[in-house]
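> what follows is a predicted protein model with its sequence.
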Amino acid sequence: MTQDEMQRQRIESICAVGLRVGALSGVDPGALTFCFETAVSDTPLTGAKLEVEFVPARGRCRSCGHEFEAEDFLFLCSKCDSRDVDMLTGQELDIVYLSKP
Amino acid sequence: MSEKVSVEKKVLSENDRIAAQIREKLGAKRIVALNLVSSPGSGKTSLLERTLDALNGDIKMALVAGDVQTENDAKRLIRAGGMLVRPIVTGGACHLDASMVSNALNQLDLTDVDVLFIENVGNLVCPSSYDLGEDMKVVVISTTEGDDKPLKYPSMFRRSSAMVINKVDLLGLSDFDVSKVKDNALGINGGLRIFEVSCRTGAGLNDWYTWLRELIIRKKRNET
Ligand SMILES: Nc1nc2c(ncn2[C@@H]2O[C@H](COP(=O)(O)OP(=O)(O)OP(=O)(O)O)[C@@H](O)[C@H]2O)c(=O)[nH]1
Ligand SMILES: [Mg+2]
Ligand SMILES: [Zn+2]
């Protein structure tokens, strides 16, 4: 997919891919970095680095409006104990940028 | 000096696009679509066999069964009376993606179908990221697993709408604590609908059937 984007933007080589990874994206940044480096060898992306921006899980309480970081993925309002909490961030899995050398 | 070119694109945007097409197609036909996820062996196929046995004839079901190598699950579902069953052999992939489901659905006659069950590959990690156009994910967990599963796989439990605790006939044989697993799951997702069942004895399955019927009625009325 990064290669599609390179074609579209007419980029010939890149030295890094910027990725945004949410805490609840279902992706482990460590494993991903390893996979990426393995996957890109012998492709036009050889040598490219993965630059991961990690996004913590945050929630907003539907009862009182309080916004908080969901530590340990606990979506329990730290003000009023409500469990009716919308997820604000944490599901991201986006390519943010490509870096040209 | 390196130069950054902005992209801002979801990694799974292509999958999401196809999933949206599936959702539109099923929505127009008023078909409830459930994506069943679990660790390997928690009882997804068993739950579907039971459901076919109890509700076949009463409600019309289509079933898509994903498996890494075999078509065994699809065969079990056909033996259990499933009339509209398609296997998806992923050939190694540890999850279903929307294009696989879309292809399988193109091979099924969905006329008058009330509910589509998609049995995902047994895996609690990758399937959480892949939207298949379902209305809801249903996560199945069995009492032979650890009661800390929700804490280990929070993404799946957060994205599921219901949790089926299966194999309650085996409670007491391990240190699995039902109230602990519920607490752990509800902490991550306070909106989870929880069922406690045994596909072996049939215990608790009536609540599951009732819930399915309610979903179908709501879908026909076009409520969500
Ligand atoms: N004791 C007991 N065994 C069960 C129950 N439900 C399923 N099993 C057994 O658990 C095993 C796995 O069940 P399946 O239904 O194949 O599980 P699955 O989630 O479809 O498995 P995969 O598709 O391989 O991920 C089978 O041997 C079932 O007979 C239950 O409620 N109690
Ligand atoms: Mg199965
Ligand atoms: Zn609150």
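Now that the structure is in, tell me what you want to look at. Ligands and ions are numbered 1, 2, ... in the order given.

> report the contact partners of residue B:115.
Residue B:115 is in contact with B:31-34, B:59-62, B:212, B:215-216, counting by C-beta atoms under 8 Å, 6 or more residues apart in numbering or on different chains. C-beta: built from backbone N, CA, C; applies to glycine.

> reformat those residues as TSV; add neighbour count, distance to residue A:94 and pLDDT.
Shown next, in TSV, are these (neighbours: other C-beta atoms under 10 Å in any protein chain shown; distance: C-beta to C-beta, whole Å; pLDDT from 0 to 100):
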residue	neighbour count	distance to residue A:94	pLDDT
B:31	22	31	98
B:32	23	30	98
B:33	25	26	98
B:34	21	28	98
B:59	16	39	97
B:60	17	39	98
B:61	24	36	98
B:62	23	33	98
B:212	20	35	98
B:215	21	32	97
B:216	18	36	97
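
> list just the nearest of those residues to residue A:57.
Distances from residue A:57 to these, taken as C-beta to C-beta, are shortest for residue B:34 (25.1 Å).

> circling back to that earlier point, in helices only, show me the contacts of residue B:115.
Per DSSP state H, helices hold the following members of the contacts of residue B:115: B:212, B:215-216.

> which regions of chain A sit below the pLDDT cut-off?
A:1-12 (pLDDT under 70).

> and the helices in it?
Under DSSP H, chain A gives helices at A:2-8, A:29-40.

> and what of chain B?
B:13-28, B:44-55, B:72-79, B:98-106, B:149-152, B:154-159, B:178-188, B:205-220.

> how close does the nearest residue in space to residue B:205 that is not next to it in sequence get to residue B:204?
Of all residues not flanking residue B:205 in the chain, residue B:197 sits nearest, at 5.2 Å (C-beta to C-beta, 6 or more residues apart in numbering or on different chains). Distance of residue B:197 to residue B:204, given as C-beta to C-beta, to the nearest Å: 4 Å.

> for residue A:53, same thing?
Applying C-beta to C-beta to residue A:53 and residue B:204 gives a distance of 44 Å.

> could I get the ones in helices among the contacts of residue B:115 as a markdown table with distance to residue A:18?
Converted to a markdown table, those look like this (distance: C-beta to C-beta, whole Å):
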| residue | distance to residue A:18 |
| --- | --- |
| B:212 | 44 |
| B:215 | 41 |
| B:216 | 44 |
